[in-house]
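Asker: Sequence and predicted model, in that order:
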Amino acid sequence: MNKFEINDKTYDYLSTRLKLKNQQERKASGENGSANLKDPDNLLSFKNHMVDQQVSNLKTDDSVKNAVIALSFYEGNVVHKELIANPDLSAYNLPLSNRLGASVKNGWSVFVEIMVELANFWVLVPIGGLVWFVVRYYNKRKKTVEVVKS
């Protein structure tokens, strides 16, 4: 497997051309005496650095646009076992005897839960008896008071 890679030299050419332009501007400003800066060589260095940064940014943008991603997958040659689900849902139901047994167990657990809840209300029995005795006593007393008044 041979790999052939070609690098684009457009940005290197652009970089060199812009740096040459900066040097010519420096030379022209030095000959005319119109240079306002204290050190024109520093200005040239700064401009060249800016050109390098711009070209670097262009190269990065180009690399991102033309990036190549290589994916490699490995798959075994042999399939050992394949399981296919049955689309008929009735095939997954339990037999009748198992379903009846489950319903008896469920009914028994519901019955036990109801008995436990009723047992939690044990205090209502003595209170109900006490209320019954008070009402009975009040009714007897009321009858005796009516008999005495008559």
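Answerer: Yep, that arrived.
Asker: just checking, what packs against the helix or strand residue 48 falls within?
Answerer: Residue 48 belongs to helix 40-65 when assigned by DSSP states H and E. Helix 40-65 sits against helix 10-32, with contacts defined as 3 or more Cβ pairs under 8 Å, 6 or more residues apart in numbering; DSSP states H and E. Backbone N, C-alpha and C define where each C-beta goes, glycine included.
Asker: quick one: low-confidence ranges for this protein?
Answerer: 1-11, 13, 30-38, 64, 67, 69, 79, 150 (pLDDT under 70).
Asker: secondary structure class for the spatially most central residue of the chain?
Answerer: Centroid-nearest residue in the chain, with Cα atoms, centre = their mean: residue 71, separated by 25.7 Å. Put simply, residue 71 is coil when judged by DSSP: H, G, I helix; E, B strand; the rest coil.
Asker: residues contacting it?
Answerer: Contact analysis of residue 71 by Cβ atoms under 8 Å, 6 or more residues apart in numbering lists nothing.
Asker: Look up how far residue 77 lies from it.
Answerer: Using Cβ to Cβ, to the nearest Å, we find residue 71 at a distance of 20 Å from residue 77.
Asker: what's stretch 85-100 in contact with?
Answerer: Contacts of stretch 85-100 (Cβ under 8 Å, 6+ apart): residue 102.
Asker: Can you mark which positions in that stretch are buried?
Answerer: For stretch 85-100, a neighbour-count test (16 or more other Cβ atoms under 10 Å) marks nothing as buried.
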